[in-house]
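**Q** below: sequence and its predicted model.
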Amino acid sequence: TPILASDLILYPYQVYKLYLAGCDAVTLTAAALEEKDLLYLVKIVKTLKMETILSVTSEVQLRSAMSLSEGMIDCLTVSNRDLESFGFDMSGQQALSLLKSDTMKEFRGKHADVPILLEGRIGIIGANDSDSFGTMYLKSAKDEGAVGAIVGQGLALINEEDPASAINCLADP
């Protein structure tokens, strides 16, 4: 079973420690790392034959990701998280704007095989009486190139008697 470490990783020793603990992949948060540090950590991850998931919240961070060579990023997560307040953009526009940006088009040109996931309150954003699980939001993200979503607390907050319906609705917007 693959293990993903989604800790805030800032130092090489953390990567080595996660590797020794049996992790197969790590999430690196671009906002927390300078470009040179991001490159260094990704090189360590790749040397250890682990997968790199890179989380971005802005075009500046996405440009940082473009400095990495092809094959260094295994997955890109576009997040709705506000890293200053640690809250979320509940409109979802932060991630959608990034997906639609020219910078993202440039990223896709360089890293065409990297899958792009959406993260941050998925399942809640856009949810109202006519769209109980935010499926229109997910459809918009899919239309802009996202191939999936990371669903965590967002699903837990859905007050639904039939949780399978909520998951199915999210899985096929």
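**A** That came through fine. Here the structure is a predicted model, which is why all the values come from computation and not from measurement. Numbering: from 1, shown residues only.
**Q** pLDDT-wise, which helix or strand of this protein ranks last?
**A** Least confident helix or strand of the chain, by mean pLDDT, DSSP states H and E, is helix 153-156 with a mean of 55.
**Q** contacts for the longest helix anywhere in the chain next, please.
**A** Counting residues, the longest helix in the chain under DSSP state H turns out to be helix 35-47. Around helix 35-47, the neighbours that count as contacts under CB atoms under 8 Å, 6 or more residues apart in numbering are 9-10, 12, 15-16, 26, 28, 30, 33, 51-52, 54, 64-65, 67-68, 71-73. In short, each C-beta sits where N, CA and C put it, glycine included.
**Q** cutoff 6 Å now
**A** The contact list for helix 35-47 (CB atoms under 6 Å, 6 or more residues apart in numbering) reads 12, 15, 26, 28, 52, 64, 67-68, 72.
**Q** mind listing what's buried in it?
**A** For helix 35-47, the neighbour count (16 or more other CB atoms under 10 Å) marks 38-39, 41-46 as buried.
**Q** ok, what's across the strand from the most centrally placed residue in the chain?
**A** Residue closest to the mean C-alpha point of the chain, counted by CA atoms, centre = their mean, is Thr77 at 1.8 Å. For Thr77, the residues forming beta bridges with it (DSSP bridges) are Ser55, Leu117.
**Q** quickly note the distance from it to Tyr13.
**A** 23 Å (CB to CB, to the nearest Å).
**Q** and if you look at Ala149?
**A** According to CB to CB, Ala149 and Tyr13 sit 31 Å apart.
**Q** ok, now Ala146?
**A** When distances are taken as CB to CB, Ala146 and Tyr13 turn out to be 33 Å apart.
**Q** with Leu28 instead?
**A** For Leu28, the distance to Tyr13 - CB to CB - is 15 Å.
**Q** do the same with Gly92
**A** From Gly92 over to Tyr13 (counting by CB to CB), the distance is 36 Å.
**Q** now Lys46
**A** 17 Å.
**Q** any weak-confidence spans in the chain?
**A** The chain contains residues with pLDDT under 70 at 83-87, 89-91, 121-134, 152-173.
**Q** ok, 50 please
**A** Along the chain, the parts satisfying pLDDT under 50 run over 132-133.
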